[in-house]
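Trainee: let's see this in three dimensions:
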Amino acid sequence: MQSIHNYQHILAPVDGSKESEAAFATAVEIVNNTPSRHLYILNVVDTNKLKDAAHYSHELEENAITQSKALLERFATEAKQAGVTNLTVISETGNPKNIIAKVIPAQYDIDLIVIGATGMNAVERLMQGSVTEFVSRTSRVNTFIVHAD
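Mentor: Predicted coordinates for the structure are as follows:
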């Protein structure tokens, strides 16, 4: 069993939900306990969901990407204000489940994912299962699931 003190590359996927806010705060605490740790803040624009929308357009996708970057900027500012010095911000497009569980951990050598218990899309959770459930079941790295207060 790996001790919480051994993790060095911590991924915090964020979507603006209350649960992702709580997970982000937990990730910041973990990173701040050891100065050599690196925090990766990720937001994924679900382009598959956008393309399924009745009124899909490239403008809609560009707006979603712009909102993603603004969200990440806010979280990066919060992390820096909390004392995080080793920080990478990642904006991706595609399937959030796969990107969070597999793509980013492999690309950045992530050894801990700190994720909210639920995200913003309640309908998808009911129909396909949650992103969190998929990540905890399929990712090669340990997953710390945080519940909002």
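
Trainee: contact partners for the closest residue to H38 other than its chain neighbours?
Mentor: In space, and not counting its chain neighbours, H38 is closest to N86: 4.1 Å by Cβ to Cβ, 6 or more residues apart in numbering. In this view, the C-beta of every residue, glycine as well, is placed from N, C-alpha and C. By Cβ atoms under 8 Å, 6 or more residues apart in numbering, the residues touching N86 are V31, P35, S36, R37, H38, L39.

Trainee: run a quick neighbour tally on the closest residue in space to G83 that isn't next to it in sequence.
Mentor: In this structure, G83 finds its nearest non-sequential neighbour in N32, 5.4 Å apart by Cβ to Cβ, 6+ apart. Using other Cβ atoms under 10 Å, the number of residues around N32 comes to 15.

Trainee: A70 now?
Mentor: Neighbour tally, A70, other Cβ under 10 Å: 11.

Trainee: distance of it from N63?
Mentor: 11 Å (Cβ to Cβ, to the nearest Å).

Trainee: regarding this structure, what is its longest helix?
Mentor: Scanning the chain for the longest helix, with DSSP state H as the assignment, gives helix 58-81.

Trainee: show me what secondary structure element comes after that one.
Mentor: strand 87-93 (DSSP states H and E).

Trainee: that next one pairs with which strands, parallel or anti?
Mentor: Sheet pairing for strand 87-93, assigned by DSSP bridges, gives strand 38-45 (parallel).

Trainee: next, the angle helix 58-81 makes with the strand it pairs with.
Mentor: Inter-element angle recorded for strand 38-45 and helix 58-81: 160 degrees (by axes from the mean of the first three to the mean of the last three Cα atoms, to 10 degrees).

Trainee: name the residues that touch strand 38-45?
Mentor: Residues contacting strand 38-45 (Cβ under 8 Å, 6+ apart): 8-15, 24, 27-28, 31, 61, 64-65, 68, 71-72, 75-76, 79, 84, 86-96, 99-100, 104, 108, 110.

Trainee: next secondary structure after the helix-or-strand element of the chain with minimal mean pLDDT?
Mentor: For the chain, counting by mean pLDDT, DSSP states H and E, helix 122-128 ranks last in confidence among helices and strands (a mean of 50). Along the chain past helix 122-128, the next helix or strand (assigned with DSSP H and E) turns out to be helix 131-138.

Trainee: what's next to that following helix, contact-wise?
Mentor: Under Cβ under 8 Å, 6+ apart, the answer for helix 131-138 is 13, 96-97, 100-102, 113, 115-119, 143, 145.
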